[in-house]
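J.: For reference, the sequence and a predicted model appear below.
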Amino acid sequence: MSTSALPRVIILDDYQGIALSSADWSPLNNRAVIDVFRDTVTDELALVQRLEPYAIVCAMRERTKFPASLLDKLPNLKFIATTGFRNAGIDIAHARKKGIPVSGTSSSGNPTLEHIWALLLATVRYITVEDTNVKASNPQWQSTMPMGLAGKTLGLVGVGRLGTQTAAIAKAFGMRVIGWSPNLTPERANGAGVEYIATKEALFKQSDVVSIQLVLSDKTVGIVTKEDLFSMKPTAFFINTSRGPLVDEAGLIEALNQERIAGAGLDVFDIEPLPLDHPLRKAKRVTLSPHSGYLSDSNYAAFWGQTVGNIVAFLNGAPTNVIK
């Protein structure tokens, strides 16, 4: 079969250009033509032009959004393969109505839990500040005072699987762990080994570190308000490795600039990639990472290896791992 007759596959948002090297794509040899794009396109018209020739789209997490309006403009689209088994950026129900199956993948290891603690520790111990000072040959050998975790209070906004695991590590550091979420009950908190806090306001006021572990939905957008952030202790830190829109980003920037809190560690943002002129890039009281909480060599091997399998299954006429 000539390549012009083969279905075309597009891999989107491969920022580092490593999708093809993270798995064995040979099962698709002579079965599909694969193109890779490393940049993210947000303008819908430009995105339609890019996607129009392709029957199969490989989406990396939620980097490119697929609302109903976009799906309706892609008559050649037959299948979407997404990494992860939850993708709020895809209108799954509308895709299903259009006969476009969406298949997901599982993950490997626990990179997000690792990243929560890497970011939290880097933030409260001012690792990036001191790293910059040392590399800049700053004659002031030590310039910050890290916050010791033992005896401090970690407030978890969200106490699901990840929150429970985060709590277990916090206790190894000798921290008190408290939790709140819209649906948390005293019984569930007790099962997670977390002290139940009845109100969000109380959690923010009591915590020395607040870490958010919630799923983004219509009900949780903006759940962390400017008022919440301003109610924190001036010595407290805020950590977000979940999703940017969970937090009033403008309010957070204001809290940082006014030194209402000691600092923040952020892996997620309202707009990603973070615009080059974004004020968070120049803030002095914040530690940033580029939404890398789910990144690891083993996780990418799982993501892309299973993506290959999902594409093969679709081409064989029996899609697997379909998200309902």
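T.: Nice, I can see it.
J.: any idea how far stretch 147-159 is from the chain center?
T.: Distance of stretch 147-159 from the chain centroid (CA atoms, centre = their mean, to the nearest Å) equals 21 Å.
J.: In the protein, where's the longest helix?
T.: helix 297-315 (DSSP state H).
J.: Enumerate the helices of this structure by residue range, in sequence order.
T.: 44-51, 68-71, 92-97, 111-124, 127-135, 161-172, 186-191, 200-206, 226-230, 249-257, 297-315.
J.: Would you mind telling me which of those helices is nearest D24?
T.: Closest approach to D24 among the helices of the chain is made by helix 297-315 (6.9 Å; CB to CB). Just so you know, the C-beta spots here come from the backbone N, C-alpha and C atoms, and that holds for glycine as well.
J.: residues making contact with that closest one?
T.: Helix 297-315 is contacted from outside by 7, 9, 18-19, 22-25, 27-28, 31-32, 56, 58, 60, 78-79, 81, 83-84, 101, 103-109, 111, 319-321, using CB atoms under 8 Å, 6 or more residues apart in numbering.
J.: picking that back up, mind putting the helices of the chain into JSON lines with distance to S143 and mean neighbour count?
T.: Converted to JSON lines, the helices of the chain look like this (distance: least, CB to CB, whole Å; neighbours: other CB atoms under 10 Å):
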{"stretch": "helix 44-51", "distance to S143": "45", "mean neighbour count": "14"}
{"stretch": "helix 68-71", "distance to S143": "48", "mean neighbour count": "16"}
{"stretch": "helix 92-97", "distance to S143": "49", "mean neighbour count": "15"}
{"stretch": "helix 111-124", "distance to S143": "15", "mean neighbour count": "20"}
{"stretch": "helix 127-135", "distance to S143": "6", "mean neighbour count": "14"}
{"stretch": "helix 161-172", "distance to S143": "27", "mean neighbour count": "18"}
{"stretch": "helix 186-191", "distance to S143": "39", "mean neighbour count": "14"}
{"stretch": "helix 200-206", "distance to S143": "28", "mean neighbour count": "18"}
{"stretch": "helix 226-230", "distance to S143": "25", "mean neighbour count": "18"}
{"stretch": "helix 249-257", "distance to S143": "18", "mean neighbour count": "18"}
{"stretch": "helix 297-315", "distance to S143": "34", "mean neighbour count": "20"}
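J.: Turn these into JSON lines, columns for mean pLDDT and distance to D13.
T.: Formatted as JSON lines, the helices of the chain follow (pLDDT from 0 to 100; distance: least, CB to CB, whole Å):
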{"stretch": "helix 44-51", "mean pLDDT": "97", "distance to D13": "11"}
{"stretch": "helix 68-71", "mean pLDDT": "98", "distance to D13": "15"}
{"stretch": "helix 92-97", "mean pLDDT": "97", "distance to D13": "18"}
{"stretch": "helix 111-124", "mean pLDDT": "98", "distance to D13": "18"}
{"stretch": "helix 127-135", "mean pLDDT": "96", "distance to D13": "26"}
{"stretch": "helix 161-172", "mean pLDDT": "98", "distance to D13": "23"}
{"stretch": "helix 186-191", "mean pLDDT": "97", "distance to D13": "35"}
{"stretch": "helix 200-206", "mean pLDDT": "98", "distance to D13": "33"}
{"stretch": "helix 226-230", "mean pLDDT": "98", "distance to D13": "30"}
{"stretch": "helix 249-257", "mean pLDDT": "97", "distance to D13": "21"}
{"stretch": "helix 297-315", "mean pLDDT": "98", "distance to D13": "12"}
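J.: To P146, which of those helices lies closest?
T.: Nearest to P146, of those and by CB to CB, is helix 111-124 at 6.2 Å.
J.: That closest one packs against which elements?
T.: Helix 111-124 is packed against helix 161-172, strand 209-212, strand 237-240, strand 263-266, strand 286-288, with contacts defined by 3 or more CB pairs under 8 Å, 6 or more residues apart in numbering; DSSP states H and E.
J.: Between these, which one is closest to Y294.
T.: Shortest distance between Y294 and the helices and strands packed on helix 111-124, using CB to CB, is found for helix 161-172: 11.3 Å.
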